[in-house]
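need a 3D model of the sequence below.
(one chain, ligands or ions: 1)
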Amino acid sequence: MISAKKENPIGIFDSGIGGLTIANAIKKVLPNENIIYFGDTEHLPYGEKSNEAIKKFSNKIIDFLIAKQCKIIIIACNSAASVTEKELIKYKNIVPIYNVIDPVVQVIIDKYQNSKIGVIGTKATIGTNIYAKKIHELCGNIDVCCLATPLLAPMIEEGFISEDISQTIISNYLSHHKLKKINHLVLACTHYPLIEKEISNYFNKKVNIIDSSKITANYIYHEITAKNLLNKASQKKHHFYVSNYTHSFENSAKFFFEKAIKLEEVKLFNH
Ligand code: DGL
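Next up, the predicted model:
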């Protein structure tokens, strides 16, 4: 493992704005940490890409974040995390890499045995069946029903959140028979916390919505503390990079971080 300093940043990436839900939770739980965020806006949506393409993009971004001396990296994207799982072994001695899936699976095992859990995510994530596999490896008495909801991430990225059209799309997906009688619903795409209220309202607030952002931030807090990497210095810097600059990304990032942010475009990919 390359020796990391406490002041080194935490690297976080996603295909677009979804991972900002994780970055925002990290900022609250770990207020002294420096964050480097990469949004691969050039290749969004990841959920519709082949596993090979997602692996290629993720490797490039991880290499970029390592070059920026990140002390840990969080794959704040379920689609990237589910298809790259086996690949990441090559970074084992370089940098600790975390995802947004394992912390959620752990909470489900600890708290929600004997229940029916719905999981919604992109085609890439649901195609791997990763949540059901991981949950059933550890516990047999949880019923897991997974449903791909591919229009949601692009809809959110375009800023359609509480319009009629978004309500129609949300209801259409959530009325699927697979989600009948669920007790809990995992938002297995980091874009979805941005429509958590609309999802919860669809179920008349009777289904417990599991949002990975706080769960992941708490998990990372414990990991960083255990590794003695907690930054105690109070001066922090956040950097936001995108592979393709868009105003909408800049506006969303500003909205989340409440003050002027430095948004830079970097060309990581040679096509
Ligand atoms: N936010 C991402 C996820 O968690 C991906 C959305 C997309 O690019 O399709 O799966």
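
state whether I12 is indeed within a strand.
Yes: under DSSP: H, G, I helix; E, B strand; the rest coil, I12 falls within a strand.

just checking, it touches F38?
Yes: I12 lies in contact with F38 (CB atoms under 8 Å); the separation is 7.4 Å. From N, CA and C alone the C-beta is placed, and that goes for glycine too.

more neighbours: these two, which one.
Using other CB atoms under 10 Å, the more surrounded residue of I12 and F38 is I12, with 29 against 26.

residues contacting that one?
With contacts defined as CB atoms under 8 Å, 6 or more residues apart in numbering, the neighbours of I12 are 19, 22-23, 26, 35-38, 73-74, 76.

could you do I195 as well?
By CB under 8 Å, 6+ apart, the residues touching I195 are 152, 156, 161, 166, 170.

please report how far the first one lies from the ligand.
In this structure, L152 lies at 9 Å from the ligand, with CB to the nearest ligand atom, to the nearest Å as the measure.

and the protein, which residues reach the ligand?
Selection of the chain residues close to the ligand by CB under 6 Å from any ligand atom yields 14-16, 18, 44-47, 77-79, 121-122, 125, 153, 189-191.

picking that back up, of the contacts of I195 - the most surrounded one?
Result: L152 is most packed of the contacts of I195 (other CB under 10 Å), 26 neighbours.

correct me, but that residue touches L174?
No: here L152 lies out of contact with L174, judged by CB under 8 Å, at a distance of 10.2 Å.

who touches both of the two?
I120.

any chance of the contacts of I195 in TSV, plus secondary structure and pLDDT?
Converted to TSV, the contacts of I195 look like this (DSSP: H, G, I helix; E, B strand; the rest coil; pLDDT from 0 to 100):
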residue	secondary structure	pLDDT
L152	helix	96
I156	helix	88
I161	coil	83
S166	helix	92
I170	helix	97
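
from those, pick the one nearest I224.
Proximity of these to I224 (CB to CB) peaks at I156, which lies at 28.7 Å.

can you map out the strands along the stretch 51-200 of the chain?
Using DSSP state E, counting those that start in this stretch, the strands assigned to the stretch 51-200 of the chain run over residues 72-75, 97-99, 116-121, 143-148, 184-187.

distance of T168 from S243?
In this view, T168 and S243 are 31 Å apart by CB to CB, to the nearest Å.

same deal with A253?
A253 is 14 Å from S243, by CB to CB.

sorry, back to before: out of T168 and S243, which sits in the busier spot?
Between T168 and S243, counted using other CB under 10 Å, S243 has the larger neighbour count: 22 against 10.

got the confidence number for that one?
For S243, the pLDDT comes out at 96.

look up how far the ligand lies from the residue nearest to it when sequence neighbours are not counted.
Leaving aside its sequence neighbours, S243 sits nearest to E42 (CB to CB, 6 or more residues apart in numbering; 3.8 Å). For E42, the distance to the ligand (CB to the nearest ligand atom) stands at 11 Å.

correct me if wrong: E42 contacts Y241.
No: counting by CB under 8 Å, E42 does not reach Y241; the two are 11.4 Å apart.

more neighbours, the two?
Y241 (22 against 18).

quick one: strands adjacent to the helix or strand harbouring the more buried one?
For Y241, the element it lies in under DSSP states H and E is strand 238-242. Pairing partners of strand 238-242, with direction, according to DSSP bridges: strand 35-39 (parallel), strand 262-265 (parallel).

quick one: buried residues of it?
By neighbour count on 16 or more other CB atoms under 10 Å, the buried set for strand 238-242 is 238-242.

show me which pair in the residues you listed is furthest apart.
Largest separation among the buried residues of strand 238-242 by CB to CB: H238 and V242, giving 13.8 Å.

picking that back up, between the contacts of I195, which is closest to F269?
I156 (23.5 Å).

skip the chain neighbours and tell me the closest residue to that closest one.
Using CB to CB, 6+ apart, the closest residue to I156 is H191 (4.5 Å).
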